[in-house]
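**Q** Curious how this folds, go ahead:
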Amino acid sequence: MIGKLTERVRFVTRARTQLAGGSYATADEVLGEVWAEVRPVEAREGEQIGRRYGSTSYVITMHADDKPPTLNVGHHVIWITGDNAPMNLRAIRQSRRGVLFLELVAEAGAVI
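**A** Residues are numbered from 1 along each chain as shown. Below is the predicted model:
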């Protein structure tokens, strides 16, 4: 399994600070980068109020020891060796491949 971890992913959290004028500024805080396996598992497309939207779900398999300690659902994943677009982290679960690995479910194309 270690030889299949060929993709580079970055975990980030969005920090929001209020500016003096009342608006907000956002900045990404990097939690860590790891080698992983990224597989698309589901793609959806829909239409709402005449506007088309789509999303794709991915399963990201990584070594459990590489997980940043503060990583949780609600953070974002950036597939560096892929399209570099941020994805929403939806679930963190134990991999079926053994206790050494974690599976993360991430969704791209949804409202972030």
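**Q** Tell me how far the helix or strand harbouring Arg8 lies from the chain's centre.
**A** Arg8 belongs to strand 7-18 when assigned by DSSP states H and E. Relative to its parent chain, strand 7-18 has a centroid offset of 9 Å by Cα atoms, centre = their mean, to the nearest Å.
**Q** Quick check: Ser57 touching Val38?
**A** No: Ser57 is not in contact with Val38 according to Cβ atoms under 8 Å; the separation is 11.2 Å. (C-beta placed from N, C-alpha, C; glycine too.)
**Q** Neighbours of Ala106, how many?
**A** When neighbours are counted by other Cβ atoms under 10 Å, Ala106 registers 23.
**Q** In a strand, Leu104, correct?
**A** Yes: using DSSP: H, G, I helix; E, B strand; the rest coil, the secondary structure at Leu104 is a strand.
**Q** if I pick Val41, what's in contact with it?
**A** Neighbouring residues of Val41 by Cβ atoms under 8 Å, 6 or more residues apart in numbering: Ser57, Tyr58, Val59.
**Q** And the strand holding Arg8, what does it pack against?
**A** strand 24-48, strand 76-79 (3 or more Cβ pairs under 8 Å, 6 or more residues apart in numbering; DSSP states H and E).
**Q** Which one of those strands has the poorest average confidence?
**A** Mean pLDDT is lowest for strand 24-48 among the helices and strands packed on strand 7-18, at a mean of 85.
**Q** partners of that strand in the sheet?
**A** strand 7-18 (antiparallel), strand 51-63 (antiparallel) (DSSP bridges).
**Q** who touches the nearest residue to Ala64 once chain neighbours are set aside in this structure?
**A** Using Cβ to Cβ, 6 or more residues apart in numbering and skipping the chain neighbours, the partner closest in space to Ala64 is Leu102 (4.9 Å). Contact analysis of Leu102 by Cβ under 8 Å, 6+ apart lists Thr61, Met62, His63, Ala64, Lys67, Ile92, Arg93, Gln94, Ser95.
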